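K.L.:
Could you work out the structure for the sequence below:
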Amino acid sequence: MEDRELYQQLLCLDSPWIVSDVELNAETEEVRIHAMHPRGTKFCCPECDRHLACHDHAPERRWRHLDSCQFQTILLARAPRVKCPEHGVRTVGVPWAEGSSRFTLLFERFSIDVLLATQTISGAASVLRATWDEVWHILKRAVQRGQDRKQSQPMPLIGIDEKAFAKRHKYITLLYDLNRSTVQAISDGNDTEAGIACFSQLSSEQIEAVAMDMSAAYVKAAMDTLPDAAEKIVHDRFHVMQLATKAVDAVRRGEHRELKAAGDNRLAKTRYLWLTNEENLTVKQTDHLAAVFHSTLNTGKAWGYKELLRDLWNQPAAAAATVYFKKWYRSVIHTKLAPMKTLARTIKQRLDNVVSYCTHFITNSVAEGMNSKIMSIKRRVGGYRNRENFKSAIFFHCGGLDLYPR
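P.N.:
Here you go, the predicted model:
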């Protein structure tokens with residue numbers, strides 16, 4: 001098989017395009033493939049698909065293709081131009097690459113696979129033997145391609161959360177599709193405007209429930225944007241329990257100071273025991289927790305109330321959960337455990353949107369999982385200085401987009 005015929009097949013070139021010449025340059029470690037079309041070939045106007053004779057050709061361009069063994073493969077050709085009576089002179093697209101891309105479709109597909117595997121621009125650039133800018137250009141093109149192809153689809157269950165972009169309280173807001181575990185929208189900041197910007201990108205009539213923490217900004221954004229938002233907001237159970245755990249720790253810290261001043265070190269080195277779910281403790285840690293718990297300390301009482309609060313989300317319906325909370329609230333509010341009383345009042349203020357879990361059964365666990373993935377990607381690249389680049393990386397890895405060229 002001749003080299004021209006070989007590369008004709010490797011490049012998947014169809015009529016009228018043919019490989020006219022193949023050059024091997026050992027010094028630059030390149031294989032240069034020249035493509036052309038026969039005289040008299042007609043092409044379609046890119047605007048109206050009218051068949052027209054070739055008017056002239058654009059200057060010769062280079063496209064990077066998949067490597068041939070250890071050599072880079074470069075495809076060279078002059079794109080034909082047609083003179084349309086309606087649209088004037090237009091450059092015809094070539095079948096092996098998209099629009100303004102300097103890479104063949106097959107090279108872009110491979111590059112996307114490498115980017116997904118390495119999760120870093122520099123790592124992909126090393127594998128592809130390309131520059132950082134070239135690889136980043138492929139990533140941005142892939143994200144734009146995916147966004148352009150994105151079609152409106154039902155998203156009944158969504159979540160909204162914030163993510164730190166950089167130090168000094170710089171945040172972005174992310175909106176998630178809980179069913180597909182994908183990031184659907186991103187906006188700057190973590191205030192009400194940021195929440196509205198995210199919600200506004202969706203068809204609000206299709207939304208049945210939205211999971212969020214107790215952020216007043218996101219609550220207001222939902223109330224201003226979503227119809228019947230008061231019935232759709234579900235405050236994340238893990239966020240509520242995180243508040244409860246912090247309240248227990250506040251009780252422990254205060255009591256430990258008092259006991260230590262009196263020479264009592266029973267609460268020393270017990271912080272982990274109170275902050276960890278009991279089922280995640282070792283046998284030794286469980287025995288230690290039981291010993292401290294039965295010593296009638298306020299910390300043990302606060303921990304007991306926190307554990308009782310867990311059963312709120314095991315109730316069969318929102319009405320039953322409301323009754324359960326009111327009973328729990330009466331018990332806590334008459335204690336002297338100030339942090340736990342503050343917690344009880346906080347939950348009471350948003351009780352309807354806490355017990356709504358028993359109606360919609362959603363949490364923001366997808367958001368937490370995505371945040372871990374985003375943090376992993378962020379650490380690999382040493383952080384992002386450019387906010388727009390950070391958004392592009394999130395959409396590339398977590399957007400569920402159709403990234404590949406066709």
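K.L.:
what separates the closest residue to Asp67 other than its chain neighbours from Arg385, distance-wise?
P.N.:
Spatial nearest neighbour of Asp67, chain neighbours left out: Thr73 (5.9 Å); criterion: CB to CB, 6 or more residues apart in numbering. Bear in mind the C-beta positions are built from the backbone N, C-alpha and C, glycine included. Distance check for Thr73 against Arg385: by CB to CB, to the nearest Å, it reads 34 Å.
K.L.:
Among those two, which residue is more densely surrounded?
P.N.:
Thr73 (21 against 9; other CB atoms under 10 Å).
K.L.:
Verify the stated contact: the more buried one with Trp96.
P.N.:
No - between Thr73 and Trp96 there is no contact under CB atoms under 8 Å: 11.6 Å.
K.L.:
okay, and the common contacts of the two?
P.N.:
Shared contacts of Thr73 and Trp96 (CB atoms under 8 Å, 6 or more residues apart in numbering): His65.
K.L.:
and Leu11, what pLDDT?
P.N.:
As predicted, Leu11 sits at a pLDDT of 85.
K.L.:
Quick one: residues contacting the residue lying closest to it once chain neighbours are set aside.
P.N.:
Nearest non-adjacent residue to Leu11, counting by CB to CB, 6+ apart: Trp96, 6.2 Å away. Taking CB under 8 Å, 6+ apart as the criterion, Trp96 is in contact with Leu11, Cys12, Leu13, Trp17, Ala35, Trp63, His65, Leu75, Thr104, Leu105, Leu106.
K.L.:
Sitting in helices, which of those residues do you find?
P.N.:
Mapping the contacts of Trp96 onto helices (DSSP state H) picks out Leu105, Leu106.
K.L.:
Which of the contacts of Trp96 fall in strands?
P.N.:
If you go by DSSP state E, the contacts of Trp96 have Ala35, Trp63, His65, Leu75 in strands.
K.L.:
measure the third one to Cys198 for me?
P.N.:
Summarising the geometry, the distance separating His65 from Cys198, computed by CB to CB, is 40 Å.
K.L.:
got it, and the last one?
P.N.:
In this structure, Leu75 lies at 42 Å from Cys198, with CB to CB as the measure.
K.L.:
Pull the contacting residues for the nearest residue to Glu208 once chain neighbours are set aside.
P.N.:
Take Glu208 and drop its neighbours on the chain: the residue closest to it by CB to CB, 6+ apart is Pro156, 4.1 Å away. Counting by CB under 8 Å, 6+ apart, Pro156 touches Asn179, Gln206, Ile207, Glu208, Ala209.
K.L.:
Let's see the PyMOL selection covering just the buried ones among these.
P.N.:
If you want just the buried ones from the contacts of Pro156 in PyMOL, going by 16 or more other CB atoms under 10 Å, the selection is:
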select buried, resi 207+209
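K.L.:
first to last residue in stretch 22-35, what's the distance?
P.N.:
9 Å (CA to CA, to the nearest Å).
K.L.:
what pLDDT, on average, does it get?
P.N.:
90.
K.L.:
in that stretch, what counts as buried?
P.N.:
Val22, Glu30, Val31, Arg32, Ile33, His34, Ala35.
K.L.:
is it fair to say the fourth one lies in a strand?
P.N.:
Yes - assignment of Arg32 by DSSP: H, G, I helix; E, B strand; the rest coil places it within a strand.
K.L.:
pretty sure it contacts Val19?
P.N.:
No - if you go by CB under 8 Å, Arg32 and Val19 don't touch, sitting 10.9 Å apart.
K.L.:
who touches the top helix by length along the chain?
P.N.:
Counting by DSSP H, the longest helix found in the chain is helix 237-261. With contact meaning CB under 8 Å, 6+ apart, helix 237-261 is reached by 213-214, 265-268, 270-271, 274-275, 297-299, 302-303, 306, 309-310, 313, 337, 339-340, 342-343, 346-347, 354, 357, 363-365, 368.
K.L.:
ditto for stretch 129-146
P.N.:
Residues from elsewhere that reach stretch 129-146 (CB under 8 Å, 6+ apart): 64, 67, 72, 98, 101-103, 108, 111-112, 115, 121-122, 124-125, 128, 389, 392-393, 395-396, 399, 401-405.
K.L.:
And for stretch 321-334, what's in contact with it?
P.N.:
So stretch 321-334 is contacted by 305, 308-309, 311-313, 315, 340-341, 343-345, 347-348, 351, 354-355, 357-358 (CB under 8 Å, 6+ apart).
K.L.:
Could you list which of these belong to helices?
P.N.:
Judged by DSSP H, the contacts of stretch 321-334 include 305, 308-309, 340-341, 343-345, 347-348, 351, 354-355, 357-358 as members of helices.
K.L.:
Find the helix or strand that the nearest residue to Lys170 once chain neighbours are set aside is a member of.
P.N.:
Distance criterion CB to CB, 6+ apart; nearest residue to Lys170, sequence neighbours excluded, is Ala164 at 6.9 Å. Per DSSP states H and E, Ala164 falls inside strand 157-166.
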